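Student: predicted model follows, preceded by the sequence.
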Amino acid sequence: MSGNPVLYDHPGPRARVRNAVLTVVFGALILAVLYWIYRKFDEKGQFAAVLWEPFLKGATWNNFIIPGIEGTLKAAATAMVFALAFGLIFSVGRLSDHRWISVPAGIVVEFFRAVPLLLMIFFISYGVPFLIQSSVPPFWSVVIGLTLYNGSVLAEAFRAGVHAVPKGQSEAAYAVGMRKSLVMQHILVPQAARAMLPVIISQLVVLLKDTALGYIVSYPELLQLGVNVLSANFGNVVQAAIVVAAIYIVVNFGLTSLASWIERRSKRRGTKTQPVGPLVDGGAGA
Amino acid sequence: MPVFSDPANFDMYVSGFMWILKMTGVSAVLALVLGVLLAAMRVSPVPVLRWFGAAWVNIFRNTPLTLIVFFCYFGLYATLSVSLSDDIDLNNFWLGVVGLSVYTAAFVCEALRSGINTVPAGQAEAARAIGLTFAQTLRIVVLPQAGRAVIAPLGSVLIALCKNTTIVGTIGLLEASNIMKQLINDNGDQVILIFLVFAGTFAAVLIPVGYLFGWLANRLAVKR
């Protein structure tokens, strides 16, 4: 069903009146809620200029928000590279014809997909130090946790991508005498990777959002520096949270739009991409 | 299992997972109701409703859940003094449920909307042809078919929700991940066992749930 107008008739005079009434009623309702929030904020003095002023000063951005963004991007970029490698290795492992490779790879992927990311990060930053007798830097506990979780999700995505490549492709490759590893490297993985590009990008959004968990183990990322530390200095939690949320929304919305643009473009050119939704945990990571 | 043979530790383990279970249950119901409403808004003939639905989805889907939960506590509760219960644990629980529900509803809405797109146009056209209104078309014809098409994605959303409940530990609720951290700090010699028990509990429940939803999706899919 393309385009929603299929769901309702082209509005006639009565429907137009009804829609106008509904627009006014719901518009008023939304405005009322917004006004209630405004009143609530005002009551608590949350519009006081002193709480918002810090965001107009360069020093606030230089000392808290920019380093926070850097920390977030650094963790996200490192984890993404590792997660892609992890995903590639384990998807190929799971597709292997040797059961002694495919079964363990499958168990690892299923396990890390089912365990909450926070539980893994806690284990790495509080449990592993007991085992190796030295502390784990917060950066690495975040990156390793993100790698294991997102790598496993990507492994499943790649596997689905390889299955989606038409059978004739690998049959033709075998027919011209390629070996299994060559078929995988030159025929299946490149096509699967292209088909999965939108899924990979939306997983990047999940990963970027999940770096916010670094706040819990005091890794200096955007939530830690931009909200926690910043508001400790200026006493403006609500304002800082709103500004930081806006930054997250802009970045992630941009990436999401990129993913759906690529999906639309490749649909137009006839190469099929996997739909973003069903595969990747509904995209609903932390 | 030396750690868990101590009844006090075992009780902590059980209580941690009870919080997870309660949060998952309550948030799942709230998020489903909210998500269906949002999906209906996003395809409705009234522009204001479409904008509202789109704004909700874009705001909450793109904000980290950790920030949303953080805001529920420090913004709603500590600054704006919105208190949901007199009991401290219950208050944190409900604040967490609010955060989880508004966040998850955005994903439920998007899953349903993609399901609505899988329903053939002829279905809605036929519904309109026999004179059903928009609400009737959606309720009687389109949503039942869309719902059955998105059982697998909705299952993934539910699993993600269950894992996400651990984040409410940030605002001080003693759920499973906080309990695990505490047990690890008290029993440094058995960290691997403790992790495997907690992670294993999640895996033992969530992996079968994933397969169950896959099976249900197959069984209930609309055969065309």
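Tutor: Structure's in. What do you need?
Student: now the strands for chain A?
Tutor: Read by DSSP state E, chain A holds no strands at all.
Student: closest to the centroid, which residue in it?
Tutor: residue A:206 (1.3 Å; Cα atoms, centre = their mean).
Student: pLDDT score for that residue?
Tutor: pLDDT, residue A:206: 89.
Student: and for residue B:55?
Tutor: Reported pLDDT for residue B:55: 94.
Student: ditto for residue A:255
Tutor: Taking residue A:255 on its own, its pLDDT is 88.
Student: quick one: contacts for it?
Tutor: A:201-202, A:204-205, A:208 (Cβ atoms under 8 Å, 6 or more residues apart in numbering or on different chains). Placement of C-beta: from N, CA and C, glycine included.
Student: which one of these is nearest to chain B?
Tutor: residue A:205 (7.5 Å; Cβ to the nearest Cβ).
Student: which residues touch the closest one?
Tutor: Neighbouring residues of residue A:205 by Cβ under 8 Å, 6+ apart: A:252, A:255-256, A:259, A:283, B:62.
Student: give me the number of residues near residue 43?
Tutor: No chain specified, so I'll use chain A. 10 (other Cβ atoms under 10 Å in any protein chain shown).
Student: oops, wrong one, chain B.
Tutor: With other Cβ under 10 Å as criterion, residue B:43 counts 24.
Student: quick one: it and residue A:19, what's the gap?
Tutor: 14 Å (Cβ to Cβ, to the nearest Å).
Student: in ChimeraX, select just the buried ones from the contacts of residue A:255.
Tutor: The ChimeraX selection below is limited to those of the contacts of residue A:255 classed as buried (16 or more other Cβ atoms under 10 Å in any protein chain shown):
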select /A:201,202,204,205,208
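Student: output the contacts of residue A:255 in a markdown table; the columns should cover distance to residue B:162.
Tutor: A markdown table is the format used below for the contacts of residue A:255 (distance: Cβ to Cβ, whole Å):
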| residue | distance to residue B:162 |
| --- | --- |
| A:201 | 25 |
| A:202 | 21 |
| A:204 | 23 |
| A:205 | 21 |
| A:208 | 22 |
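Student: next step: the contacts of residue A:255 restricted to helices.
Tutor: A:201-202, A:204-205, A:208 (DSSP state H).
Student: show me the shaky parts of chain A.
Tutor: A:1-5, A:269-286 (pLDDT under 70).
Student: hey, where'd the helices end up in the chain?
Tutor: Defaulting to chain A. A:13-43, A:49-52, A:58-60, A:66-94, A:99-114, A:117-122, A:128-132, A:138-164, A:167-175, A:180-182, A:189-195, A:197-210, A:230-234, A:237-268.
Student: actually chain B
Tutor: Going by DSSP H, chain B shows helices at B:2-5, B:7-42, B:47-61, B:65-70, B:88-118, B:121-129, B:134-136, B:143-149, B:151-164, B:176-186, B:191-220.
Student: what's the least confident stretch among the ones you listed?
Tutor: helix B:2-5 (a mean of 82).
Student: hmm, that helix touching chain A?
Tutor: No. Residues of helix B:2-5 are not located near chain A by Cβ under 8 Å from any Cβ of the partner chain, the shortest gap being 12.4 Å.
Student: contact partners of that helix?
Tutor: Contacts for helix B:2-5 (Cβ under 8 Å, 6+ apart): B:9-10, B:13, B:183, B:187, B:190, B:193-194, B:197.
Student: hang on, residue A:207 packs against residue A:75?
Tutor: No. Applying Cβ atoms under 8 Å as the test, residue A:207 and residue A:75 come out as separate, 9.0 Å apart.
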